[in-house]
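Enquirer: From the sequence below, what's the structure:
(2 chains)
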2 protein chains.
Amino acid sequence: MAKQMKNQAITGRDVDFTQWYTDVCRKAELMDYSSVKGFIDYLPYGYAIWERIQSYMNARFQAEGAENVYLPMAIPSSLFNKEKDHIEGFAPECLVATIGGGEKLADPLIIRPTSEVLFSDLYKRIVSSYRDLPKMFNQWCSVVRWEKTTRPFLRGSEFLWQEGHCLFETHEEAERNVRVFLDIYDDTGRDLLAIPFVKGRKTEHEKFAGAVATYSVEALMHDGKALQSGTSHDLGQGFAKAFGIAFQGRSNALETPWQTSWGVSTRLIGALIMVHGDDNGLVLPPYVAPIQVVIVPIRQSEPGVLDACEGIKERLSEEGIRAKVDADENKTPGWKFSEWEMKGVPLRVEVGPRDLANRQAVLVKRVNGEKTIAPIEAIEKEIPSVLKEIHGAMFRKAAAFLESHITHVETIDELKAVLDKGGYAKMAFCGREECEARIKEITEGGTARCIAEDPVEEGVKCPVCGAPATMVVYFAKAY
Amino acid sequence: MAKQMKNQAITGRDVDFTQWYTDVCRKAELMDYSSVKGFIDYLPYGYAIWERIQSYMNARFQAEGAENVYLPMAIPSSLFNKEKDHIEGFAPECLVATIGGGEKLADPLIIRPTSEVLFSDLYKRIVSSYRDLPKMFNQWCSVVRWEKTTRPFLRGSEFLWQEGHCLFETHEEAERNVRVFLDIYDDTGRDLLAIPFVKGRKTEHEKFAGAVATYSVEALMHDGKALQSGTSHDLGQGFAKAFGIAFQGRSNALETPWQTSWGVSTRLIGALIMVHGDDNGLVLPPYVAPIQVVIVPIRQSEPGVLDACEGIKERLSEEGIRAKVDADENKTPGWKFSEWEMKGVPLRVEVGPRDLANRQAVLVKRVNGEKTIAPIEAIEKEIPSVLKEIHGAMFRKAAAFLESHITHVETIDELKAVLDKGGYAKMAFCGREECEARIKEITEGGTARCIAEDPVEEGVKCPVCGAPATMVVYFAKAY
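Expert: Model prediction:
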């Protein structure tokens, strides 16, 4: 887009990570700042990434029996107020509509910040017997949370997400569902986004407003900060009781069902940027990239060059690979290289007259700049494995970074040092909310990301209060 | 769902069409009434129909170069007020948010009723040269229009739709775009929904607030009322001028671009119900049906029956056909037949012990109850052509109904008689807004649906004012 400056160096990651992030968001044309304060415009390239995430997840969700639905974008205040913890958690960040059709609304409408309330209300209407269970409904939509400071994809007044809301006969089934969907999120990281996560249960302090237990997957950004990337909640029976959902059980008695909810949002795009990006811009893993292969002709006016490029594109498309030829006459190949590097296209194919003579093409991997040669003839058979290699390399690189940024600590001083430097500190503590609050204060923002599976060793004390430690927790500063 | 009564006769279409419609919406489990007044819950079966419409249209849109984006769901009043006709058209039906994060908003936010304003604002930011054109952005989202009386899928305070917004260098390109997307809507009717449309330009009185010209496709329901099913607008330069969108043209002078917008909504689901449905419930055309084939075992406890059903399902799935086996032990085959008839599944396959012995299955077409026999062996090769036949039969049936309900009239009395009976009356008139208003009054609600392509014959006068007729128009009562 002409108004955005292109092919200019962006801020270095280690010079100013925040500025680098904004530069990438804008110069890769993922989004633009809307005139609606706190809101963004998702541009085609950014939105296409979201569509690929949706498509992968929809298939996984449906294999588990989840079904897509769509519920209202507005919730009457009177309904919202039914679950006490929930309203307390969300009230401060609500956008509220008070006028409809020119008249003042008797019951103001809260623009949905999340839909536990509406799903509970729906389930109350349509569930009456154990034969109606389980219910596993999911919706893709936008939610609104009024934010003072915003950052593209990470924190904004409106974001896109999916929210699954399920209802079960037994707590065991609900607990299993919470774990299954957390694992799907973990798989999405590993198999689609090339992002390794740390995962586990949240502490009492960090859990969702209204949940019995919250689990999350957490990614680690290049600057050493964590990013909560997906959550899965065991809602127990709180909403069901507040909304009066009941069903006739197998023994004919009236029972209360068990509820879960789980979600990921466009924050995943933020994670993609900050886990994989480099000083030349975005680096996209192949399976989520809107364009997987860009084909750049060299000396494109020479006979046969453009035809060869188009031929390669055709054959790649037939193999289901998303390829594009950049045949713009007004730009040099070098200019195009930088442009597609900025946009993070995983693989570049170069074809010039000399390559044609040798019946070969040059392949360049975005992740490491590695160049290889491939015969033009059967290039569509070779590229799928190259893309697979790229995906593997990106995941291993991110996993190595994550592993090298997990430090076991035992004291508050050690904790503070690790969190100041960036990365996770694994530390045992008592698990009480007041100690967690104190840790946040001392470390200037460090929070418990999730509880590790490590057992607490005999005799270990909470470094804040001295009481016996009850859990080992991943602490980090987070987005 | 247990709370909704099943397998009871629904109201007959010709007894009470309105009640029949509501019965089908609910008993086919397409939607449920939300506790949010004027809003509905789109249940899995209804939403899956919408997803299939999206998938068909996305492919068509992308083939024309359109790209999906997502823009904010709220529009500041100050921005909304920039285009005069537009604000006048929409102001009476806006939902307005006035409180954010507990504080009163200085610039109240209108929950988007349509997004011309936001797309114009985006284009102003990202377009500066003819090289940036054309722009063809589309978004799938929900919009809110505050309605006093609502009906599922037809009129509601919130509905799902797609809105395409394009910007061009010349008016010719814009005009072509308006026609191309109107044709895509027409094709969607013919090829996906098996619905024939009447299509054409809207009169001045009926055109979109802010448009130079509006075109629409209009379907005819079983009760003889028309349903506007898609619109495509030539917006001229009005929004571009109001929002200050300009670009450097080929001759370096600053020029104003030409804009279009086009959209369809979940009204299409309403059209599907009311065009094809019968007294046994929904009748879905095969290509949009969430379940294309339901396989019902007869005497399912006998050896081999369920296995044969599952085998057929597997082989159909491999051919890309959406099939389901209903193996519920607690229901009789007859009960299942009615249930899947209510849900409009296009084809039923029955397999019982006797069929097994003969290595055959019974196929029953939902549209006309026609029974045929097919060998089980290669059934997956035969069913695609059966589905194609069903689609063709449904389209032809609807087209015959449409044609038999278009009557050429010359006087107001004839017009009123046709509109009272139901269907379209084709009539020449002067085209002036006041005569159109008078026609609406006399016919108690008849409106100009769109302008026919028929030439106006020499000497024909407007039957209202006696002035020379300028256009032949399809009049009808409409939803």
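Enquirer: now A:Ala393: how far from A:Gly344?
Expert: According to Cβ to Cβ, to the nearest Å, A:Ala393 and A:Gly344 sit 14 Å apart. Quick note: C-beta positions are derived from backbone N, CA and C, even for glycine.
Enquirer: the more surrounded of the two?
Expert: Using other Cβ atoms under 10 Å in any protein chain shown, the more surrounded residue of A:Ala393 and A:Gly344 is A:Gly344, with 27 against 16.
Enquirer: Any idea how many residues pack against the nearest residue to the more buried one once chain neighbours are set aside?
Expert: Closest residue in space to A:Gly344, ignoring its immediate chain neighbours: A:Leu282 at 3.1 Å, by Cβ to Cβ, 6 or more residues apart in numbering or on different chains. The number of residues packed near A:Leu282 is 25, by other Cβ under 10 Å.
Enquirer: can you tell me which residues contact A:Leu282?
Expert: For A:Leu282, the contacting residues are A:24, A:28, A:30, A:272-273, A:276, A:342-344, by Cβ atoms under 8 Å, 6 or more residues apart in numbering or on different chains.
Enquirer: again, but for A:Asn68
Expert: By Cβ under 8 Å, 6+ apart, the contact set of A:Asn68 is A:58, A:61, A:137-140, B:44, B:47-48, B:51.
Enquirer: Give the helix, strand or coil label for the residue of the stretch 251-400 of chain A found nearest chain B.
Expert: When scored by Cβ to the nearest Cβ, the stretch 251-400 of chain A has A:Asn330 as its residue closest to chain B, at 8.4 Å. Taking DSSP: H, G, I helix; E, B strand; the rest coil as the rule, one finds A:Asn330 in the coil state.
Enquirer: Count the neighbours of it for me.
Expert: The number of residues packed near A:Asn330 is 6, by other Cβ under 10 Å.
Enquirer: would you list every one of the helices in the stretch 301-450 of chain A?
Expert: Ranges of helices in the stretch 301-450 of chain A, per DSSP state H, counting those that start in this stretch, are A:305-318, A:333-342, A:353-357, A:379-403, A:412-421, A:433-442.
Enquirer: Show me what the fourth one is packed against.
Expert: In other words, helix A:379-403. helix A:267-276, helix A:305-318, strand A:347-351, strand A:360-365, strand A:371-375 (3 or more Cβ pairs under 8 Å, 6 or more residues apart in numbering or on different chains; DSSP states H and E).
Enquirer: what do you get for the first one?
Expert: Using 3+ Cβ pairs under 8 Å, 6+ apart as the contact criterion, the neighbours of helix A:305-318 among helices and strands are strand A:293-297, strand A:323-325, strand A:347-351, helix A:353-357, helix A:379-403.
Enquirer: Strand A:371-375 and the longest one, what's the angle between them?
Expert: Think helix A:379-403. 160 degrees (axes from the mean of the first three to the mean of the last three Cα atoms, to 10 degrees).
Enquirer: in helix A:379-403, what's buried?
Expert: A:379-380, A:383, A:386-387, A:389-391, A:393-395, A:397-398, A:401-402 (16 or more other Cβ atoms under 10 Å in any protein chain shown).
Enquirer: Let me know the average pLDDT across it.
Expert: The predicted model assigns helix A:379-403 a mean pLDDT of 98.
Enquirer: what sits up against it?
Expert: Helix A:379-403 is contacted by residues A:190, A:194-196, A:198, A:220, A:222, A:275-276, A:283, A:285-287, A:292-293, A:312, A:315-316, A:318-319, A:321, A:346-347, A:349, A:361, A:363, A:365-368, A:372, A:374-375 when judged by Cβ under 8 Å, 6+ apart.
Enquirer: rewinding a little: make JSON lines from the helices and strands packed on helix A:379-403 and add mean pLDDT to it.
Expert: As requested, the helices and strands packed on helix A:379-403 are exported to JSON lines (pLDDT from 0 to 100):
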{"stretch": "helix A:267-276", "mean pLDDT": "98"}
{"stretch": "helix A:305-318", "mean pLDDT": "98"}
{"stretch": "strand A:347-351", "mean pLDDT": "98"}
{"stretch": "strand A:360-365", "mean pLDDT": "98"}
{"stretch": "strand A:371-375", "mean pLDDT": "97"}
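Enquirer: got TSV for these, with mean neighbour count too?
Expert: Output for these, formatted as TSV (neighbours: other Cβ atoms under 10 Å in any protein chain shown):
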stretch	mean neighbour count
helix A:267-276	25
helix A:305-318	17
strand A:347-351	24
strand A:360-365	19
strand A:371-375	13
